[in-house]
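> Attaching a predicted model along with its sequence, questions to come.
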Amino acid sequence: MPATAARLPGNRLHLQHGPIDLVIGADGPGREAAFDAAVRRFAPLLDELVAELPLLRRPWGGPSPQGPVARRMACAVAPHARRAFITPMAAVAGAVADEVLSAMVLSGGLARAMVNNGGDIAIHLSPSQSYRAAMAGVDAAVLGTLDIRDGDGIGGIATSGRGGRSLSLGIAQSVTVLASCAAAADAAATLIANAVDLPGHPAITRAPARDLQPDSDLGDRPVTVHVGPLGADETAAALDRGLAEASAMRAAGLIAGAALFLNGAARVMAPAPETETLAHA
């Protein structure tokens, strides 16, 4: 089936092709030209990815991909590859959003624009503009809001966790990350969600990823299938493991902030180091 485009209420654009489903918003005199640019760039995008899919499912470090979205994916996961297992697929949703947004911005005349790919959002803000986003869990429950202004250095938001579109090695309900672009946020959210964990805990059931998704890039690695009751101390310990991973990423300049949620508790690492807090959802 070819890619489809449709208008949604609120002057938004909906683009869909296979598993890719984008909701796009834009403000400014160049909105219609930007929407046209998004449609043109989106049309061949899935075929470009499929052409390199075997390479993109391998751990980072082999031959370099050729397509523009594939290169975005590889660049996003490269900084993490020495510390953890990761493939370019960890950044696919964010990279798609970034690529379509880039085409829109190049068309000119935009005050702000957002490309939402299943909760992974690429953002463009011109001077004096801002954007408010809801932090939603993988079950679509709203867990909080984020206010982003131009000049914050944040061009992407991504959410990962157990029960989402992808399999997870951890037990986080959800992890939302702010970064310079959506691909970087996507890769980081995946790894932070993996780190929210209690290895070996008897209440956590795991299975090889391949048993659940035969073509998973995680292969035989054990992914979380079920999490039984956990005490408050156990929940805190799992969140602290994820927070340590997020803190290391921020110290390395890879992310701007993160919010981690599990069993009604949260860890919120705001962009300014001094505002790191313990919160409850």
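Cool, got the structure. Worth saying up front: this structure is predicted, and the values here are computed from it rather than measured.
> Any chance you could list what contacts the strand or helix carrying residue 178?
For residue 178, the enclosing helix or strand under DSSP states H and E is strand 174-179. The contact list for strand 174-179 (Cβ atoms under 8 Å, 6 or more residues apart in numbering) reads 135-138, 143, 146, 148, 154-161, 164, 185-186, 188-189, 192-193, 196, 242, 246, 254-261, 271. In this view, the C-beta of every residue, glycine as well, is placed from N, C-alpha and C.
> Whichever helix or strand comes after it packs against which elements?
Past strand 174-179, heading to the C-terminal end, the next element that is a helix or strand (DSSP H and E) is helix 182-195. Identification of packing neighbours for helix 182-195 by 3 or more Cβ pairs under 8 Å, 6 or more residues apart in numbering; DSSP states H and E yields helix 68-77, helix 92-106, strand 120-125, strand 156-160, strand 174-179, helix 232-251, strand 257-262.
> what separates the following helix or strand past the second one from the chain centre, distance-wise?
Past helix 92-106, heading to the C-terminal end, the next element that is a helix or strand (DSSP H and E) is strand 112-117. Between the centre of strand 112-117 and the centre of its chain there are 13 Å (Cα atoms, centre = their mean, to the nearest Å).
> cool, stretch 251-261 as well?
Centroid displacement of stretch 251-261 relative to its chain, using Cα atoms, centre = their mean, is 12 Å.
> Same question for it: list its buried residues.
Along stretch 251-261, these residues count as buried under the neighbour rule (16 or more other Cβ atoms under 10 Å): 254-261.
> Then stretch 35-52?
By 16+ other Cβ under 10 Å, the buried positions in stretch 35-52 come out as 35-39, 41-42, 45-46, 49, 52.
> chain center to it, what's the gap?
Here stretch 35-52 shows a centroid-to-chain-centroid distance of 19 Å under the convention Cα atoms, centre = their mean.
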